[in-house]
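In: I would like the atomic coordinates for the input below:
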Amino acid sequence: MRKIFFMTAALALLAACGNKDNKSTEALIKAGNVAAMKEKRSALQTEIGQLSEAIAKLDTVKELALVSVATVKDTVFNHYVEIQGSVDTKENLIIYPQYQGTLLTLNVTAGQKVSKGQVIGKIDDGGLSQQVAQLETQAALAKTTFERQKRLWDQKIGSEIQYLQAQTNMVSQQKAVQQLKAQLARTVITAPISGVVDDIITERGEVVTPGQGIVRIVNLGNMYVKTSVPEAYVGKLKIGTPVTVTLPSINKTYMGKVRQVANNINPANRSFNIEVSVPNTDNLLRPNQVAQLKIVDYTNNKALVLPTNVVQEDAKGQKYVYVVTEVKGQSGIAKKALVKPGQNSSNYTEILSGVSAGETVVSEGASTLSEGMKVNF
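Out: Just a heads-up that it's a prediction; the model follows:
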């Protein structure tokens, strides 16, 4: 009320002065006397300054600064390493033939699910199966001969050399059959893993050779993210460390864990590799997708945390916040408190010292405050 009164009085006085000298002012303007007009303006500015000083001395009511406050609490504080990685799977295989010939059959199509050991194709054996049948007949005869020769030998009939020759011939024929069957088995193409046929590389009827891909099979059930981490984090990242995995391409976030930490440091970039297991419950993960990783490398289970923008720095480089003291209702006194900040994460700063749990800190409007100023919140 007192401030309003003095302002009203000042305005009235200026108005009175203006009315008193209004004629002369208009006369000066009409006359175009610049020097006289400047002198008149200077006199009015002097009077306004004198009135302002008088108001400041007589007005003892201070205006309260309006701020927002927050109560300091104990909380769990996590610091993260944020790096980029790529999705991968160890079960992403191209199936190669082990035998040269024409691809007679291909029993799968792109997108089809297959099981481990399932026959997915057959290569023309070029008469190999007929050779196996002939050898099996010869092996059977050799076995019969040996068994008869053995019975005779057990009765002390015949010579030992006949017995040994029959035995050697039988074993030789059996091994020949096994070797030819092993070659014949290579003409059958089976799935080495369970998964989905991702691509048909060679069509039925084409001639295939070892080293020429036929199909690609991918298992999306065992996905992980691979990335390289700077050497400075050796010892901080361990198997089981929680990781937040975000895939921008599908706008999805997953919770994973570090499943493997390399023991070797790459001398070229001073980093080491890690693998993070990621659940693929909704079947949206694909090999080579870009992933953003947030890996917890520091945890304080009982930390004092403040928004980073609340912590200010003075001319001496000291960090400080304003603590509200002498709280009465919704007002108090701003007190400057020097603080020691710790780690920063997600726009929050860990406070190691300078404030205590339960104290009220100015969270918004601190930039306009000074020591001892009254605040309203």
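
In: and Ser363, that's in a strand?
Out: Yes - counting by DSSP: H, G, I helix; E, B strand; the rest coil, Ser363 is found in a strand.

In: State the distance from it to Lys122.
Out: 73 Å (C-beta to C-beta, to the nearest Å). Yep, even glycine has a C-beta here, placed from its N, CA and C like the rest.

In: now do Ser353
Out: For Ser353, the distance to Lys122 - C-beta to C-beta - is 75 Å.

In: Neighbour count for the two, which is higher?
Out: Taking neighbours as other C-beta atoms under 10 Å, Ser353 and Lys122 compare with Lys122 leading, 17 against 12.

In: what helix or strand does the more buried one sit in?
Out: Assessed by DSSP states H and E, Lys122 sits inside strand 119-123.

In: buried set for the helix or strand following that strand?
Out: Per DSSP H and E, the first helix or strand lying C-terminal to strand 119-123 is helix 128-154. Across helix 128-154, burial judged by 16 or more other C-beta atoms under 10 Å covers 128, 131-132, 135-136, 138-139, 142-143, 145-146, 149, 153.

In: swap in stretch 32-50?
Out: Lys40.

In: Could you number the chain from 9 rather than 1 from now on?
Out: Sure, I'll start counting at 9 from here, so that last one is stretch 40-58.

In: State the mean pLDDT of that stretch.
Out: If you average the pLDDT over stretch 40-58, you get 74.

In: same question, stretch 310-328
Out: Stretch 310-328 carries an average pLDDT of 88.

In: Quote the end-to-end distance of that stretch.
Out: Stretch 310-328 stretches 21 Å from its first residue to its last (C-alpha to C-alpha, to the nearest Å).

In: ok so, going back, with pLDDT as extra columns, can I get the buried residues of helix 136-162 in a markdown table?
Out: A markdown table is the format used below for those (pLDDT from 0 to 100):
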| residue | pLDDT |
| --- | --- |
| Leu136 | 89 |
| Gln139 | 91 |
| Val140 | 91 |
| Leu143 | 92 |
| Glu144 | 92 |
| Gln146 | 93 |
| Ala147 | 92 |
| Ala150 | 92 |
| Lys151 | 93 |
| Thr153 | 92 |
| Phe154 | 92 |
| Gln157 | 90 |
| Trp161 | 87 |
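
In: from those residues, which single one is nearest Ala51?
Out: Set against Ala51, the nearest of these by C-beta to C-beta is Leu136 (120.3 Å).

In: Correct me if wrong: Gly134 contacts Gln191.
Out: No - the criterion here is C-beta atoms under 8 Å, and Gly134 misses it with Gln191 at 10.3 Å.

In: neighbours of the closest residue in space to Trp161 that isn't next to it in sequence, just the number please.
Out: Among residues not flanking Trp161 along the chain, Tyr171 sits closest, at 4.2 Å (C-beta to C-beta, 6 or more residues apart in numbering). When neighbours are counted by other C-beta under 10 Å, Tyr171 registers 16.

In: so Tyr171 touches Arg156, yeah?
Out: No - with contact defined as C-beta under 8 Å, Tyr171 does not reach Arg156; the gap is 10.2 Å.

In: Many thanks, we can stop here.
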